[in-house]
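1. Okay, here's the prediction I keep looking at, along with the sequence it came from:
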Amino acid sequence: MRIVVNDIAATPNAGGVYSILEDFYNEVVKNDDKNKWFFLLSGKYFKETDNVKIIVREDLKKSKVKRLIFELLNGSRFINNFKPDIFISLQNISTLGVTAKKKIVYLHQPIPFQKLVNFKFYKKDERKLFFYQKLVGSIIKCSLKIEQPFVIVQTNWMKRAVLNQVNLSENKIYIAHPKVEIIDKKSSNIQKNSFFYPASNFIYKNHKVIFEAVHLLEQRGINNFKVYLTLHDDQLPFKDKHIYYLGHIKRNEVFNIYEKSVLLFPSYIESFGLPLIEASLKGDIILTAKTEFAKELLANYKNAYYFNYNDSRALANLMEKVINKEIKADGSRLQMNNNGESLLFSIRQIARNNLNEFSDVD
């Protein structure tokens, strides 16, 4: 079996996108020595093995226009030279014209599919997101309509969005959320005046509403609290004595801070929202924006409190109640019946369930 994986977009400094690729590559190397794998990447980021080859197209990473032409026009000729039985795109778009019998797209970009916010071209800080939502989003949806691949999404809300916006049959959409690290120990010694938001610096991560809430608390004479962010102090224009910039921290440090803090999660665009699950598995208090993904992930969790994503007053009110111990964790943790699955496992399931000749993808 010959399998081509396309992920030109992923580079080592690309954060979660690269983590998806790296984890998948490691799964393949560890668990599959039977099939022939070709990873189409923008750099030689991984070692080759007897059955795993790295195909470098650095030229496509340097030019977005050239990469777009590759995906829509001439890329299929290059990919079809490898005579793939299965073609997998980890970058949301299904390359047009690939002749593989089975085509799979891992769709992990929610921006074009969410309907909560329309980004504006005339706003400088939203312009890039506008193009991604409107232009790139249209290309993603068009590629799915034309190629009719199997699509892996992480949540039910993403499945509903794809069904509503793309002419794709329901049996071609496979839901598989990422595996979550299970923490056996409950949070202890939580400081009710300590809040934590582990997030990168994108507009939709919505740090602004936190700063507005902090200002409101200060106006009320409330000063006995701290807010910790996983950013550097030069990444945001907001400065305040109650805000502590931690910079990028390691995963074990994130979990250590969960032990002592209340999770803030004002982000309004997520495919999954991993911190929500991580904190709820430890029994933390969570103050989160009222979104489809948050309500789905925390549906059975009693220590979650919601506010409208742009309502800083509502967030300030919840933070004040936490500080005053009017909101307390009840000691229960989120119970997960399904702890997700690896991407390789998802692909195996799609292959086995839908086409018998792919049953040797082991």
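-> Sure, I can see it. Numbering: from 1, shown residues only.
2. for the stretch 1-150 of the chain, which spans come out with low pLDDT?
-> In the predicted model of the stretch 1-150 of the chain, residues 14 satisfy pLDDT under 70.
3. how about the helices of it, start to end?
-> For the stretch 1-150 of the chain, the helices defined by DSSP state H, counting those that start in this stretch occupy 16-31, 58-62, 64-69, 75-80, 127-131, 137-147.
4. I'd like to know which of those is closest to residue 258.
-> Ranking the helices of the stretch 1-150 of the chain by proximity to residue 258 (CB to CB) places helix 16-31 first, at 18.7 Å. In short, each C-beta sits where N, CA and C put it, glycine included.
5. coming back round to it: would you convert the helices of the stretch 1-150 of the chain into a markdown table that also reports distance to residue 194?
-> Putting the helices of the stretch 1-150 of the chain into a markdown table (distance: least, CB to CB, whole Å) gives the following:
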| stretch | distance to residue 194 |
| --- | --- |
| helix 16-31 | 26 |
| helix 58-62 | 41 |
| helix 64-69 | 42 |
| helix 75-80 | 49 |
| helix 127-131 | 31 |
| helix 137-147 | 38 |
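6. How far away from the center of its chain is stretch 267-287?
-> Remark: stretch 267-287 is offset 12 Å from the chain centroid, using CA atoms, centre = their mean, to the nearest Å.
7. would you put the C-alpha positions of it in CSV?
-> The C-alpha coordinates for stretch 267-287 follow below in CSV (Å, rounded to 0.1, in the frame of the first residue of the first chain):
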residue,chain,number,x,y,z
SER,A,267,-11.5,32.3,23.1
TYR,A,268,-14.4,32.3,20.7
ILE,A,269,-12.9,30.2,17.8
GLU,A,270,-11.5,26.7,18.4
SER,A,271,-11.7,23.4,16.7
PHE,A,272,-11.4,21.7,20.1
GLY,A,273,-10.3,23.8,23.0
LEU,A,274,-7.8,21.5,24.8
PRO,A,275,-7.4,23.6,28.0
LEU,A,276,-11.1,23.2,28.7
ILE,A,277,-10.7,19.4,28.9
GLU,A,278,-7.4,19.5,30.7
ALA,A,279,-8.7,21.8,33.5
SER,A,280,-12.1,20.0,33.8
LEU,A,281,-10.3,16.6,34.2
LYS,A,282,-8.7,18.1,37.3
GLY,A,283,-11.9,19.6,38.7
ASP,A,284,-10.9,23.2,38.2
ILE,A,285,-13.3,26.1,38.1
ILE,A,286,-13.6,27.3,34.5
LEU,A,287,-14.8,30.7,33.3
